[in-house]
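S.K.: Here is a sequence together with a model predicted from it:
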There are 2 protein chains.
Amino acid sequence: MARPLSEEARAKMLATAQELIVTIGIDSCTVDEVARRSGVAKTTIYRHFADADELAMTAIDSMIEHVAAPDHGSLRDDLSEIVRAFRRVVQHDAFRQLFADLLARAVRDPEFKKVYEATQEMRHQPLRLAIQRGIARGEVDPEIDLETAMYFVQGPFVAKRLIETGDLTEAEIDVFLDLIIRALAPR
Amino acid sequence: MARPLSEEARAKMLATAQELIVTIGIDSCTVDEVARRSGVAKTTIYRHFADADELAMTAIDSMIEHVAAPDHGSLRDDLSEIVRAFRRVVQHDAFRQLFADLLARAVRDPEFKKVYEATQEMRHQPLRLAIQRGIARGEVDPEIDLETAMYFVQGPFVAKRLIETGDLTEAEIDVFLDLIIRALAPR
DNA sequence: CCATGGTGCTACGGAACCGTAGCGGAATCG
DNA sequence: CGATTCCGCTACGGTTCCGTAGCACCATGG
């Protein structure tokens, strides 16, 4: 009841942790290194976070940006904007690395899985809305399940950029979108 | 020039390493643990492999199965068989974990990247052949690039099973294939 | 003003790995 | 048979990381 935990120190730790995570990887984001680079004492880090994992997860968590869902009145345009926003994020190798690290961790650690799913859900939300609107407008074959459409739309982009090393060009995005729209259109 | 390296010991090490990799993860596949479980001495492991990474990579490398490319005379049937073979492999959580581990490693380590790409290429080969035959038979819109088609076909399946935790049901495979065939068909 | 409690610093104990040395024993090739 | 070379064992030095202790110092609330 005398002195609150320093917000400044907390901000420094998290910023340093984030930098380490996207540059040299989540496994190399160690408490010692964060302490060394941030200038915050190791002991202080442990007053803010229970353990090393909590630090890393909090750092990742605060990196998640919530993007607004576009509404242009056309499925093609909405998807185009969503995919281009996706591209802007994942085109950086650092984010691709973070994704891979996080996926690998999430597979085994339930706590990291929650964080991973949060990042996924953030990606999914605008997409789900766009497809739902497309369905409502009759742009999507009503036979097609929403979840199915979600995977189908994401598929080519994540396959190209996350599973493979390839980068996603603007031209490619248009080609994929054409194919997707063609497949989803009512018969 | 007197006594060759024991093939038996080598087989034991690799088998143990493989088991560790798919059960508790590539990071937990340590030289000490392989030595302990296999009964092969640690020093012997270092006579067969330069370092811990070479052991792990060799173990993974020898897990890669080369599957034959089907040829049923129809793109739909060929893709169906390929995807179902894919499903049989990746439906096991152990393989999904291995994939995630390998991807994360491949992102930073060029040596692991080679191994990762080898596993990818093994997956790609039958797929590429099937699509090429589909193009030759006129089942695919000639405007569509082969590589584009590859990503497009893989997309939904890897998005569902590798990026997300979901499992791939037989029914889902058919739905995805319907959409894919519809999109790729000549106009 | 003064006690409470955060901060920084250094150091430590413990654990997990890595890769190597040194040794007796056993298998293999010439 | 005999030299060579692998094998298994134990032990070690080195590194990295975790999480905590002890201490002096300083900011804040009552």
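M.R.: Now that the structure is in, tell me what you want to look at.

S.K.: And the helices in chain A?
M.R.: Along chain A, counting by DSSP state H, helices occupy A:7-24, A:31-38, A:42-48, A:52-61, A:75-90, A:93-108, A:110-136, A:146-158, A:170-184.

S.K.: List the contacts of the closest residue in space to residue A:145 that isn't next to it in sequence.
M.R.: Among residues not flanking residue A:145 along the chain, residue B:175 sits closest, at 7.5 Å (Cβ to Cβ, 6 or more residues apart in numbering or on different chains). In this view, the C-beta of every residue, glycine as well, is placed from N, C-alpha and C. Counting by Cβ atoms under 8 Å, 6 or more residues apart in numbering or on different chains, residue B:175 makes contact with A:144, A:145, A:148.

S.K.: what's the closest of the residues you listed to residue B:39?
M.R.: residue A:148 (49.3 Å; Cβ to Cβ).

S.K.: Can you read off the pLDDT for the closest residue to that closest one other than its chain neighbours?
M.R.: Distance criterion Cβ to Cβ, 6+ apart; nearest residue to residue A:148, sequence neighbours excluded, is residue B:175 at 5.6 Å. At residue B:175, the pLDDT value in this model is 98.

S.K.: thinking residue A:45 is in contact with residue A:37, fair?
M.R.: No: contact criterion Cβ atoms under 8 Å: residue A:45 and residue A:37 do not qualify, at 11.6 Å.

S.K.: Between the two, which is the more surrounded one?
M.R.: Neighbours were tallied for residue A:45 and for residue A:37 using other Cβ atoms under 10 Å in any protein chain shown; the higher tally belongs to residue A:45 (24 against 15).

S.K.: Which of the helices of chain A sits closest to residue B:100?
M.R.: Checking these against residue B:100 by Cβ to Cβ gives helix A:93-108 as the closest, at 4.3 Å.

S.K.: Can you dump the C-alpha atoms of the closest one in CSV for me?
M.R.: Provided in CSV are the C-alpha atoms of helix A:93-108 (Å, rounded to 0.1, in the frame of the first residue of the first chain):
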residue,chain,number,x,y,z
ASP,A,93,9.5,-12.4,-42.1
ALA,A,94,9.4,-11.5,-38.4
PHE,A,95,5.7,-12.1,-38.2
ARG,A,96,6.0,-15.3,-40.2
GLN,A,97,8.6,-16.5,-37.6
LEU,A,98,6.4,-15.4,-34.8
PHE,A,99,3.5,-17.4,-36.3
ALA,A,100,5.6,-20.5,-36.6
ASP,A,101,7.0,-20.2,-33.1
LEU,A,102,3.5,-19.6,-31.7
LEU,A,103,2.0,-22.5,-33.6
ALA,A,104,4.7,-24.9,-32.3
ARG,A,105,4.2,-23.7,-28.7
ALA,A,106,0.5,-23.8,-29.0
VAL,A,107,0.6,-27.5,-30.0
ARG,A,108,1.8,-28.5,-26.6
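
S.K.: which other helices and strands contact that helix?
M.R.: Applying 3 or more Cβ pairs under 8 Å, 6 or more residues apart in numbering or on different chains; DSSP states H and E, one finds that helix A:93-108 contacts helix A:7-24, helix A:75-90, helix A:110-136, helix B:93-108.

S.K.: Domain boundaries for chain A, per the record?
M.R.: Recorded structural domains for chain A (assignment: automatic domain parsing) are A:7-61, A:75-184.

S.K.: What average pLDDT does the first one get?
M.R.: Read it as domain A:7-61. Here domain A:7-61 scores 96 as its mean pLDDT.

S.K.: Any idea how far apart the tips of it sit?
M.R.: 17 Å (Cα to Cα, to the nearest Å).
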